[in-house]
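Participant: okay, sequence plus prediction incoming.
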Amino acid sequence: MNWLNKLERKIGRHYIPDLMKYLCFAMGGVFVLELLPLYRSAYQLLYFNRDLILRGEIWRLITFIFLPPSSSIIWILFSLYFYYFLGTALEHQWGSARFNIYYAIGILGNIISGFIMGVATNEYLNLSLLLAFAVLYPDHEILLFFFLPVKMRWIGWAWGAYLIYQLIIMPLPYKVSLVFSLLPFILFFGKQAWLQLRMDIRRLMRWINLRRQ
């Protein structure tokens, strides 16, 4: 990807190492603030709001990426660990500069979506890391529900199918936000993911045929 190599060179050393670590700390910090009686309006101060941004609250252009993915303590711990695992693995594979570019494209896409449709969220951007990891490490196994070993390629395709389902049922503003959140994945892996899908379908069909014999 020549455009990506050129962009990496232009960035030089102007990137944030261990970006996912800081993002997870920020999301965890906001989650804790929401538990405290004096700070239960933290979400209201940070979420993306087009009208308030145009009135001068410009910090909302970036602070929406610090919002935690859940209000459940158990789920927030699992989610932040998973985000950290995915993000650091991708950064180790690509280098910090390229990972920063990936995430920045997703943020910019959400900002554009927010001004067009009024909705911007970090949820689908963070979960796009799962798709990226599945393309890079399709044979990596994780323990689903902590006991069932599953290869990342199948988790990736299951998540992709879920996103397609979301595109069908969600209101238009959230559809636009989802698509813009996936821009970095499409730019980085669109062609590769398509080829991998065709290969995995052929592999699955061979397995089905063998089971029938």
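Facilitator: Received, thanks.

Participant: neighbours around Ala97, how many?
Facilitator: Residues within reach of Ala97, counting by other Cβ atoms under 10 Å, total 21. (Each C-beta comes from the backbone N, C-alpha and C, glycine too.)

Participant: for the residue nearest the centre of the chain, which non-adjacent residue is closest in space?
Facilitator: Among the residues of the chain, Asn126 comes closest to the average C-alpha position under Cα atoms, centre = their mean, at 2.2 Å. For Asn126, the nearest residue in space outside its immediate sequence neighbours is Tyr83; the separation is 5.3 Å by Cβ to Cβ, 6 or more residues apart in numbering.

Participant: low-confidence ranges in the protein?
Facilitator: Along the chain, the model assigns pLDDT under 70 to residues 1, 37-40, 144-147, 192-198, 200-201, 203-204, 207-208, 210-213.

Participant: ranges for the helices of it?
Facilitator: 2-11, 19-35, 42-46, 50-54, 60-63, 73-94, 96-117, 123-136, 152-169, 172-181, 183-212 (DSSP state H).

Participant: what lies in contact with the fifth one?
Facilitator: When contacts are taken as Cβ atoms under 8 Å, 6 or more residues apart in numbering, the neighbours of helix 60-63 outside the stretch itself are Leu45, Leu46, Tyr47, Phe48, Asn49, Leu52, Ile53, Ile107, Ile111.

Participant: Gly156: neighbouring residues, count only.
Facilitator: Neighbours of Gly156 using other Cβ under 10 Å come to 23.

Participant: surely His80 touches Gly29?
Facilitator: Careful, residue 80 is Leu; it's not His. No: counting by Cβ atoms under 8 Å, Leu80 does not reach Gly29; the two are 10.7 Å apart.

Participant: more crowded one of these two?
Facilitator: In terms of neighbours (other Cβ under 10 Å), Leu80 is the more surrounded of Leu80 and Gly29; the figures are 21 against 13.

Participant: residues touching that one, list them.
Facilitator: Contacts here follow Cβ under 8 Å, 6+ apart; on that basis Leu80 touches Cys24, Met27, Gly28, Pro68, Pro69.

Participant: show me what contacts the last one?
Facilitator: Pro69 sits next to Met27, Trp75, Ile76, Ser79, Leu80, Tyr83, Asn122, Glu123, Asn126 when contact means Cβ under 8 Å, 6+ apart.

Participant: done for today, thanks.
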